[in-house]
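Q: Sequence below, structure please.
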Amino acid sequence: MHPIILLFVISLLHAYEARGSDTVTPVFVQKGKDLLLNVTAPVKLVERSEFKWRFNDSNIIRLFDDNDTNTIGPYHGRVEIFLQNHSLLLKNVQQDDSGRYTAAVFGNEINYVGKYSVTVQDPVSPVNGTVDLLSNSSDSCNLTVTCSTQDSHHINSTFRCDTNTCSQEEGGERSKVTTSGTSLRVYLSKGFSVICSHSNQVSSDEHTTMIRDFCFSNPVFLFSITAPEPPGAFIAFVSVTVIKVLVIIAITAAFVGHRIKGKHESVDTENTVYENAQVKVKIVNTTSGSESNR
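A: Below you'll find the predicted structure:
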């Protein structure tokens with residue numbers, strides 16, 4: 001076979017091997033966390049072969065056929081390889097660790113056993129929801145909820161409610177993807193709850209607005225549900241209460257007065273009996289004196 005044709009066939013074989021392992025797995029990790037990357041196929045080292053984890057075009061760690069390892073300078077103390085399964089642990093990842101990670105056995109040929117595209121993200125900032133009450137009556141309520149983040153992103157949506165249900169109106173900006181790649185959304189949940197959601201692939205934050213706190217806590221609205229004429233009902237209630245109190249006071253006063261009067265009558269009776277007894281004693285004494293003189 002002609003040498004040029006032979007080289008062409010060999011290059012096609014190498015290309016075929018590379019295409020067979022071209023699948024790149026996306027991975028998202030939060031800044032400051034540890035990252036674990038696994039191999040996708042068993043690793044077999046033979047004489048004069050070695051296993052490598054690489055970041056972009058640079059080596060991270062090398063494993064030789066005698067299980068000796070060589071960690072490249074910047075990664076000392078930051079990486080760990082597990083010999084039983086050849087997984088890589090990268091500690092305390094930072095934004096600069098975002099990029100392409102590959103694991104491969106290098107020998108007579110290159111056999112890839114892992115390819116990853118890693119993105120390091122910051123946790124999302126807190127989100128807050130504010131309410132602008134547009135209208136509020138006895139049978140309906142309209143309000144706009146604005147969702148804002150600390151990095152000055154915001155969206156809003158309007159909601160129309162009656163006493164039974166709420167609906168999200170068309171228009172406004174219900175969702176957006178920020179410049180930092182986070183997602184900001186506002187939506188209706190569980191009938192009378194509005195959720196502001198701020199999230200990315202590694203973290204999320206939510207703020208809940210209860211519509212009843214703004215539409216159904218109005219005293220006039222509540223009275224219109226329970227009574228057709230709230231002022232008249234209130235006056236009637238107060239009048240009945242006052243009358244009841246006056247009746248109770250009158251009964252109590254009469255009872256106390258009766259008790260006091262009864263005590264006075266009892267004392268007068270006892271005094272009368274005592275005076276009669278004294279008269280009788282005087283009469284008896286007088287009689288006895290007369291008989292003695294005789």
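Q: ok, Lys91 - how many residues close by?
A: Neighbourhood size, Lys91 [other C-beta atoms under 10 Å]: 13. Yep, even glycine has a C-beta here, placed from its N, CA and C like the rest.
Q: before we move on, what about Ile248?
A: Neighbours of Ile248 (other C-beta under 10 Å): 10.
Q: Check the secondary structure at it for me.
A: Under DSSP: H, G, I helix; E, B strand; the rest coil, Ile248 falls in the helix class.
Q: any idea how far it lies from Ser117?
A: Taking C-beta to C-beta, to the nearest Å as the measure, Ile248 falls 82 Å from Ser117.
Q: same deal with Asn136?
A: 51 Å.
Q: Same drill for the two, tell me which one is more crowded.
A: The neighbour count for Asn136 versus Ser117, taken as other C-beta under 10 Å, is higher for Asn136 (16 against 13).
Q: Hmm, that one is touching Cys215, no?
A: Yes - using C-beta atoms under 8 Å, Asn136 is in contact with Cys215, at 5.9 Å.
Q: Adjacent strands (with direction) for whichever strand or helix holds Thr209?
A: Following DSSP states H and E, one finds Thr209 within strand 204-210. Partners of strand 204-210 in the sheet, by DSSP bridges, are strand 193-199 (antiparallel).
Q: Centre of the chain to the partner strand, how far?
A: 10 Å (C-alpha atoms, centre = their mean, to the nearest Å).
Q: next one: stretch 111-124
A: Distance of stretch 111-124 from the chain centroid (C-alpha atoms, centre = their mean) equals 29 Å.
Q: now stretch 167-177
A: Offset of stretch 167-177 from its chain centre (C-alpha atoms, centre = their mean): 22 Å.
Q: got the contact list for it?
A: Contact partners of stretch 167-177, identified using C-beta atoms under 8 Å, 6 or more residues apart in numbering, comprise 144, 153, 155-161, 183-188.
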